[in-house]
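J.: got a sequence here, can you model it:
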Amino acid sequence: MTLVSLAQLPGSNLRHRVFAVAADSIKLDTLSIVPQTFSIEGVSASDYRLDFINAILHWYNKPASDSVKLSYRVFSFKLNPVVQRMRADSVINSMSIAPYVFNDELSEEQKPFLISALLKLKEALADS
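T.: Residues are numbered from 1 along each chain as shown. Here you go, the predicted structure:
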């Protein structure tokens, strides 16, 4: 007879873990925790604050024991993942079309349409 012991069943979102109580905050998981499913064995809920989205446990009052046993369920994804398609500096040199560069220089054909040129023309016509 073979006995297999798993801390977590394959395909299950239920987690049973033991963490050391050394730091003021503990990163529990890479996935977001389902609200109302989190419990710490032997610790009151008023002694800690849980960030469900980032799965971080913050202690208000650390327990006297050196480790705690946690039980919780996780979503199959993180609720606030970082989304970044491409970095601009990595694709700027591989653009297939050159970006438009504004040129303030006017051609000789365009210069008569400037307001200052029209005013000069009006003055020249008025003087003659």
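
J.: for the residue nearest to residue 32 when sequence neighbours are not counted, give me the backbone phi and psi.
T.: Using Cβ to Cβ, 6 or more residues apart in numbering and skipping the chain neighbours, the partner closest in space to residue 32 is residue 79 (4.2 Å). For every residue, glycine as well, the C-beta is placed using N, CA and C. Reported as degrees, to the nearest 10, the phi and psi values for residue 79 are phi -70, psi -20.

J.: count the neighbours of residue 79 for me.
T.: The number of residues packed near residue 79 is 12, by other Cβ atoms under 10 Å.

J.: next SSE after the helix or strand of the chain with the lowest mean pLDDT?
T.: Taking mean pLDDT, DSSP states H and E as the measure, the chain has helix 88-91 as its least confident helix or strand, at a mean of 69. Downstream of helix 88-91, the next assigned helix or strand under DSSP states H and E is helix 115-127.

J.: and that following helix, average pLDDT?
T.: Helix 115-127 comes out with an average pLDDT of 79.

J.: alpha carbons only: can I get it in PDB?
T.: Extracted in PDB, the C-alpha atoms of helix 115-127 (Å, rounded to 0.1, in the frame of the first residue of the first chain):
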ATOM      1  CA  ILE A 115      -0.100  87.000 -42.300                       C
ATOM      2  CA  SER A 116       3.000  89.100 -42.100                       C
ATOM      3  CA  ALA A 117       3.600  88.700 -45.800                       C
ATOM      4  CA  LEU A 118       0.000  89.700 -46.600                       C
ATOM      5  CA  LEU A 119       0.300  92.800 -44.300                       C
ATOM      6  CA  LYS A 120       3.500  93.800 -46.000                       C
ATOM      7  CA  LEU A 121       1.800  93.400 -49.400                       C
ATOM      8  CA  LYS A 122      -1.200  95.500 -48.200                       C
ATOM      9  CA  GLU A 123       1.200  98.200 -47.000                       C
ATOM     10  CA  ALA A 124       3.100  98.100 -50.300                       C
ATOM     11  CA  LEU A 125      -0.200  98.400 -52.200                       C
ATOM     12  CA  ALA A 126      -1.300 101.300 -50.000                       C
ATOM     13  CA  ASP A 127       1.900 103.200 -50.500                       C
END
